[in-house]
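Chemist: Provide a 3D model corresponding to the input given below.
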Amino acid sequence: MKTILLGITGSIAAYKAAEIANCLTKDGYSVETIMTKGGCAFITPLTLQSLTKNRVYTDVFEEKYPREVQHISLAQKADLMLVAPASADIIGKAACGIADDMLSTVLCAISGIPVFFAPAMNTNMYGNPIVQENMERLRRVGYQIIEPREAMLACGDIGKGAMADVGEIVTLVEKTLHTNSFDG
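Modeler: Okay, the predicted model is just below:
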C-alpha cells in the first residue's frame, strides 16, 4: 500500500482536504495527515483521523515512541507528499528551508519523492511577487505546483487563488503514484 502524506495549512479550503483524504483512502492509499495550527483552526484533526483511520500529526515535539523521530520516519515511509491547501506561509517556509512546525519539518526531511503544493489564498496574496518567487524556487528544486482556480474567494474577491478542484488533485496524485511519472 502506498503512503501519501497530506499537509493541511490555514486556509478556508482546508475543508476540501477532508474530501481529498477520503477519496485517496477509499482508493486504497494510506493517508497520513500533518496539520499546522492554522489548519486545525479550520478543520479538526479528528475529522481527518476518522476519514483516514490514521493518527494526525500536529506537534513536532510530541514523540509518542522514543525510538522513532516522527518527522523523519514520516518522510521516510512516504511515497508522495501533498500540501493542500498550501498557504503562502508554508510555501515561504518550504522555499526557504524553514522547519519550525511539524509540517515544515517533514517537508525539510523529504527526499526523492514527488511533492505537490496546491495553493489556496487571496488573489492578491497569490499574485504577490514574493509568493510567486517562492513558488518558482520550489519548482526549481523539483516540487510541483497545482495551479489554483479563478473564482469568487471566501473574502469576496474574484480572481486566481481558489484551490484546484478536488478531483483534479486526486487524479494527479493517483496518476503520479501509478505511473511513477515524476520529474523532480
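
Chemist: going forward, measure contacts between C-alpha atoms and count neighbours the same way
Modeler: OK.

Chemist: all strands for this structure, in order.
Modeler: According to DSSP state E, the chain carries its strands in the segments 3-8, 30-35, 56-57, 80-86, 115-119, 144-145, 149-152, 158-162.

Chemist: Among these, which comes closest to G97?
Modeler: Comparing the strands of the chain by their distance to G97 (CA to CA), the top pick is strand 115-119, with 14.4 Å.

Chemist: which one is M121 nearest to, not counting chain neighbours?
Modeler: In space, and not counting its chain neighbours, M121 is closest to G161: 5.0 Å by CA to CA, 6 or more residues apart in numbering.

Chemist: Number of residues surrounding the one you found?
Modeler: G161 sits with 24 neighbouring residues when counted by other CA atoms under 10 Å.

Chemist: just checking, it touches A151?
Modeler: Yes. Counting by CA atoms under 8 Å, G161 does reach A151; the two are 7.5 Å apart.

Chemist: Please name every helix or strand in contact with the lowest-mean-pLDDT helix or strand in the chain.
Modeler: Every helix and strand of the chain was ranked by mean pLDDT, DSSP states H and E. The lowest is strand 149-152, at a mean of 84. With contacts defined as 3 or more CA pairs under 8 Å, 6 or more residues apart in numbering; DSSP states H and E, the secondary structure elements packing on strand 149-152 are strand 158-162.

Chemist: ok, now how distant is the residue nearest to the spatial centre of the chain from Y29?
Modeler: With distances taken as CA atoms, centre = their mean, V83 lies nearest the centre of the chain, 0.9 Å away. With distances taken as CA to CA, to the nearest Å, V83 is found 16 Å from Y29.

Chemist: now do M121
Modeler: Taking CA to CA as the measure, M121 and Y29 are separated by 28 Å.

Chemist: And the two? Which one has more around it.
Modeler: Legend: neighbour count by other CA under 10 Å for M121 and Y29, higher for M121 (24 against 18).

Chemist: which ones are touching that one?
Modeler: The neighbours of M121, taking CA atoms under 8 Å, 6 or more residues apart in numbering as the test, are S11, S87, A88, G161, A162, M163.

Chemist: Where does the prediction get shaky in the chain?
Modeler: 63, 65-66, 69, 180-184 (pLDDT under 70).

Chemist: Closest one of the contacts of M121 to R137?
Modeler: The nearest member of the contacts of M121 to R137, counting by CA to CA, is A88 at 13.3 Å.

Chemist: ok, how many other residues are close to the closest one?
Modeler: A88: 24 surrounding residues under other CA under 10 Å.

Chemist: cool, E168 as well?
Modeler: Neighbour tally, E168, other CA under 10 Å: 10.

Chemist: Having no further points to raise, I will conclude here.
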